[in-house]
Structures are given as C-alpha cells and as structure tokens.
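Asker: Here is a sequence with its predicted model. Questions after.
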Amino acid sequence: MLSSTSYVCFDEGHEAQVIGEYRIGDQLGEGSFATVYKAEHTTTGNNVAVKVFGTASDESVSMSDREVVALRRVSSLKSVSRFVDLIDDASLAGRFIFMDYAGTQSLQDLVNAHPHVGLPVAEVRRIGRGLLETLAACHAKGVAHGDVKLNNVMITPSHRRPSPVLIDFGSAVIDGGDPDGELGAPAFRPPESFMEDWEPTFNAACLVDAWGAGLCIYCMATGAYPFEGDSIYDVIRAITEADMTGILDTIADVPLRAMLAGLLAPAPTRWTAGRAAASGACDGWTRKLARVLGCG
C-alpha cells in the first residue's frame with residue numbers, strides 16, 4: 001500500500017504532481033489516514049487544500065466517504081473549509097478531496113502567541129462566537145464535527161478582524177449515518193467519551209463538539225490548556241476527574257465564565273453550541289446595546 005505521502009514527489013528538480021486540474025504543492029499537515037497539501041488550480045490559479053487518502057484500506061475509504069458526505073452537507077457555510085472537488089485516481093490507489101484553502105494560521109498559533117495571558121477579551125468573544133455559530137449551523141445540517149480543537153480552527157482575516165474557519169471533517173458524525181467512526185484528539189474530548197458504554201450517536205457527538213469549543217475558548221481566554229499530565233493517559237485521567245468549577249475560577253469575565261460552565265458541564269446537561277452562541281456571553285458591547293434597543 002502506498003502511503004498518502006507517496007503521491008507527490010518533492011525532490012529538487014522535479015515538477016509537482018498534477019492531479020486533474022490541480023498542481024500539488026507544499027504539505028500542510030499529516031494524520032493517521034491522510035496527508036493535506038496546498039494545491040493550485042492550473043487554469044484559475046486559485047489556491048485550495050487537498051486531502052489525500054489511500055484507498056487500499058477499508059477504514060481509509062470509509063473515513064474519506066464520511067468526510068465527503070459531511071463536507072457536501074456544510075459547504076453552503078462560509079465559515080468552514082468548503083468542498084471543492086473529488087478525484088479518485090485508480091492508478092495511484094488514491095482519493096483526493098479538494099477544499100477551500102484556509103491559510104496557515106491556526107487558533108493554536110494565536111493561543112501560543114499569548115502564553116498564560118490569553119487573548120484580549122473582545123477577540124475571545126468574537127472568535128468564540130464565530131466558532132459556536134459555525135458548529136450550531138453544522139449541527140442544524142446534520143453534521144457533528146467530532147474533532148473540535150485549536151489546530152482545526154483556522155484564523156483568516158476578515159474586514160481586518162480575525163475570523164474562525166472550521167477545517168478537517170475526517171471525524172464527522174452524520175445524523176442518520178452509521179456511527180462507526182473514530183472521534184478526534186483525546187485532549188479535546190469530554191469525560192463521557194472515554195467511558196466503555198458511551199456511543200458516538202449524532203446527539204452525543206454534538207455535545208462532544210460543544211465541549212471542544214468550550215476548551216478552545218478557555219485556552220483563548222487564559223493562554224493555557226487546563227489539564228496536565230506526562231502522557232495522554234494522564235491527560236485523559238485529568239479530564240475525567242477534573243473539578244471544572246475550580247478550573248473556571250481563573251476566568252475573570254463573568255458572562256464568559258458562566259457560558260464556559262455550561263459548555264464544560266457533564267453530559268447531558270451540557271449546553272449545546274447553539275445555546276451558548278445565543279446566550280450573549282460572546283457579544284461585544286455593540287451587540288448588547290442592539291439587543292437592549294430591540295434591533296439586534
């Protein structure tokens with residue numbers, strides 16, 4: 001079986017591989033089943049991202065099928081990396097999923113730039129609201145992301161303000177689909193997802209998304225990740241045993257702290273992304289004034 005990194009030759013002096021109408025460029029990231037590259041349309045010059053899966057394994061095919069279904073459902077949303085094209089190349093035993101290119105700055109990069117201090121509260125609110133509204137819109141279309149974490153939220157400039165774009169639907173759970181997929185990063189998963197009797201139904205996965213969003217917003221507000229451990233197993237233990245009330249005492253902004261208490265509450269009492277977005281905790285003073293005046 002060819003690995004997903006075998007499709008493109010980057011040796012000096014060789015031209016980049018052309019797949020369909022796309023010239024494959026630099027590698028952007030790599031996971032267990034796929035590798036992501038930057039690519040360029042050979043006619044328009046538009047940049048896209050391409051996720052390359054091998055097709056020799058049933059698990060890889062199933063994961064790529066699920067991601068294509070998820071992307072097609074949410075591609076009307078402007079705040080996700082939208083589906084562009086799909087190419088199956090039998091000669092390479094590869095599947096190429098082309099999506100909007102969302103740049104190279106992730107929310108992880110933004111948090112890393114403000115260690116142990118956090119982003120300005122106005123920025124936390126703006127990005128947090130955008131992430132929550134995006135997740136709520138995805139859920140309304142029958143798609144739970146399944147892997148909400150700092151590295152899966154890209155930050156793109158919009159009217160001189162950073163806006164979040166959700167990427168990587170490889171762990172998506174589809175409403176009405178077969179819940180046989182694997183959720184994403186353990187560090188951003190809630191306590192119940194580590195229990196033996198937990199099932200990744202669509203509604204359960206939506207609450208996983210809410211927890212992941214809550215952790216992202218917490219990291220933005222504090223510049224730190226709340227769970228410690230020398231290994232991922234220690235981190236999982238910390239997640240399952242955490243006293244979230246004590247952890248959230250570090251958040252000075254009262255409405256934000258209350259919203260995070262809802263997003264990081266135990267299931268099934270956890271707030272959904274939609275409820276959190278509608279709570280007003282991420283609204284700036286202009287939005288709050290508009291609500292008071294009845295025009296927001």
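Answerer: Structure's in. What do you need?
Asker: Enumerate every residue touching residue 100.
Answerer: Contact analysis of residue 100 by C-beta atoms under 8 Å, 6 or more residues apart in numbering lists 48-49, 80-82, 84, 165. (Each C-beta comes from the backbone N, C-alpha and C, glycine too.)
Asker: Next: residue 61.
Answerer: When contacts are counted by C-beta under 8 Å, 6+ apart, residue 61 touches 53, 55, 95.
Asker: For residue 254, state which of those is nearest.
Answerer: Closest approach to residue 254 among those (C-beta to C-beta): residue 53, at 45.7 Å.
Asker: what's the pLDDT at the closest one?
Answerer: As predicted, residue 53 sits at a pLDDT of 90.
Asker: Just put the contacts of residue 61 in JSON lines and tack on neighbour count.
Answerer: Below are those laid out as JSON lines (neighbours: other C-beta atoms under 10 Å):
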{"residue": "53", "neighbour count": "25"}
{"residue": "55", "neighbour count": "17"}
{"residue": "95", "neighbour count": "23"}
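Asker: Tabulate these (JSON lines), appending secondary structure and distance to residue 173.
Answerer: Shown next, in JSON lines, are the contacts of residue 61 (DSSP: H, G, I helix; E, B strand; the rest coil; distance: C-beta to C-beta, whole Å):
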{"residue": "53", "secondary structure": "strand", "distance to residue 173": "18"}
{"residue": "55", "secondary structure": "coil", "distance to residue 173": "22"}
{"residue": "95", "secondary structure": "strand", "distance to residue 173": "20"}
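Asker: Among these, which one sits closest to residue 182?
Answerer: residue 53 (14.5 Å).
Asker: wait, isn't the closest one in contact with residue 94?
Answerer: Yes - shown here, residue 53 and residue 94 form a contact pair, counting by C-beta atoms under 8 Å, at 6.8 Å.
Asker: Using the record's domain definitions, break this structure down for me.
Answerer: The chain breaks down by automatic domain parsing into domains covering 17-100, 107-291.
Asker: tally of neighbours for the closest residue to residue 187 other than its chain neighbours?
Answerer: The spatially closest residue to residue 187, leaving aside those adjacent along the chain, is residue 235, at 5.6 Å (C-beta to C-beta, 6 or more residues apart in numbering). When counting by other C-beta atoms under 10 Å, one arrives at 16 neighbours for residue 235.
Asker: distance of residue 235 from residue 217?
Answerer: Separation of residue 235 from residue 217 (C-beta to C-beta, to the nearest Å) stands at 19 Å.
Asker: which residues does residue 273 contact?
Answerer: Counting by C-beta under 8 Å, 6+ apart, residue 273 touches 132-133, 135-136, 139, 206, 209-210, 213, 263.
Asker: now with 7 Å?
Answerer: Contacts for residue 273 (C-beta atoms under 7 Å, 6 or more residues apart in numbering) come out as 132, 135-136, 139, 209-210, 213.
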